[in-house]
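In: A structural model of the following input is requested.
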Amino acid sequence: MDIAFMFETMKTLLAALPMTLALFAFSVFFGGILALVIVWMRVSGNAVARNFAKGYIFIFRGSPLLIQMFLIFYGLGQFGFIRYSFLWPALREPFVCAVLALALCTAGYTAEIFRFGLRAIPAKEIEAARSVGMSGFLLTRRILAPIAFRHALPAYSTEVVMMVKSTALASLVTVWEVTGVAQRLISQTYRTMEVFLCAAIIYLLLNFLILQAMSLLEYKLTPHRRAAPLFPVPQR
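Out: This is a model prediction of the structure:
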């Protein structure tokens, strides 16, 4: 392998890393907010809201992300009420369409992760909180949300890593992130192995850092789950 070429390739791909990070950050942020709304609808007593949430989760978990991205990027402009609305200046931008597709997709998965986190909360803890007179908002803030998030964090970390890798699909709608720049370099140099190897190293390092951050967060949030040492140090 040509080390000098790989070094130059790595510098070129790293220049596109901010675009990948922007796609990832915006999609996870907006997808997380939407997931909370979907979870609230999913567990509500309103049958219409509950069925809408079920349908949303089924659609966005059951169809490929690539098709969703193509439908948003190429399909929204087919509707006149969108093309002539105040939203069109934003929706005609490839970056906005990519973020919208990624956020809508991850919201479906994240909503189910958070819902199962809620279901893992022991009923006795909810009953104890209600017995001392906690309101619905206080119960959610002090009991439901913290415990559910701790239960959901391992599965959610996997979804976050999947979102990092899913940003590669944005290159298909002309967003030049790491994978898009790598494909453009290959079309110019015909050196597939070196270019994709550099791209893979970038994604591996990025996911490694994210997983380490998630592991640290889980460690901080679950002190009660830390295993006691098999051979405790005797006290002097």
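In: And Ala107, how far from Met69?
Out: Taking Cβ to Cβ, to the nearest Å as the measure, Ala107 falls 14 Å from Met69. (Glycine included, C-beta is placed from N, CA and C.)
In: Same check on Val96?
Out: According to Cβ to Cβ, Val96 and Met69 sit 12 Å apart.
In: These two: which is more packed in?
Out: Met69 (24 against 17; other Cβ atoms under 10 Å).
In: Contacts only, for the more buried one.
Out: Going by Cβ atoms under 8 Å, 6 or more residues apart in numbering, Met69 touches Cys97, Ala98, Ala101, Leu102, Leu169, Ala170, Leu172, Val173.
In: Going by distance to Met134, which of the residues you listed wins?
Out: Looking at those and their distance to Met134, the nearest is Leu102, at 36.4 Å (Cβ to Cβ).
In: My guess is that closest one contacts Gly31. True?
Out: Yes. Between Leu102 and Gly31 a contact is recorded at 7.0 Å, counting by Cβ atoms under 8 Å.
In: Give me the packing partners of the longest helix seen in the chain, helices and strands only.
Out: Ranked by number of residues, the top helix in the chain under DSSP state H is helix 192-221. Contacts defined by 3 or more Cβ pairs under 8 Å, 6 or more residues apart in numbering; DSSP states H and E place helix 192-221 against helix 3-15, helix 17-42, helix 145-166, helix 178-189.
In: Let me have these in CSV, extended by mean neighbour count.
Out: Formatted as CSV, the helices and strands packed on helix 192-221 follow (neighbours: other Cβ atoms under 10 Å):
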stretch, mean neighbour count
helix 3-15, 14
helix 17-42, 18
helix 145-166, 17
helix 178-189, 18
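In: Ok, which of those comes nearest Leu209?
Out: Of all the helices and strands packed on helix 192-221, helix 145-166 comes closest under Cβ to Cβ, at 10.0 Å.
In: Tell me which of the helices and strands packed on helix 192-221 sits nearest to Leu206.
Out: It's helix 145-166; of the helices and strands packed on helix 192-221, that one is closest to Leu206 (Cβ to Cβ) at 5.9 Å.
In: returning to what we had before: closest one to Tyr219 among the helices and strands packed on helix 192-221?
Out: Closest among the helices and strands packed on helix 192-221, using Cβ to Cβ: helix 145-166, at 10.3 Å.
In: Now do the closest one against helix 17-42, angle only.
Out: Interaxial angle of helix 145-166 relative to helix 17-42 (axes from the mean of the first three to the mean of the last three Cα atoms, to 10 degrees): 140 degrees.
In: What is helix 145-166 packed up against?
Out: If contacts are counted by 3+ Cβ pairs under 8 Å, 6+ apart, helix 145-166 sits against helix 17-42, helix 94-119, helix 192-221.
In: show me where pLDDT drops low in the protein?
Out: For the chain, the stretches with pLDDT under 70 are 1, 136, 223-236.
In: Overlap of the contact sets of Leu102 and Gly31?
Out: Shared contacts of Leu102 and Gly31 (Cβ under 8 Å, 6+ apart): Met163.
In: First-to-last residue distance for stretch 72-92?
Out: When the termini of stretch 72-92 are compared using Cα to Cα, to the nearest Å, they are 10 Å apart.
In: Mind listing what's buried along it?
Out: Ile72, Phe73, Leu76, Leu91 (16 or more other Cβ atoms under 10 Å).
In: neighbouring contacts of stretch 35-51?
Out: Applying Cβ under 8 Å, 6+ apart, the contact partners of stretch 35-51 are 52-54, 56-57, 106-108, 110-111, 113-115, 118.
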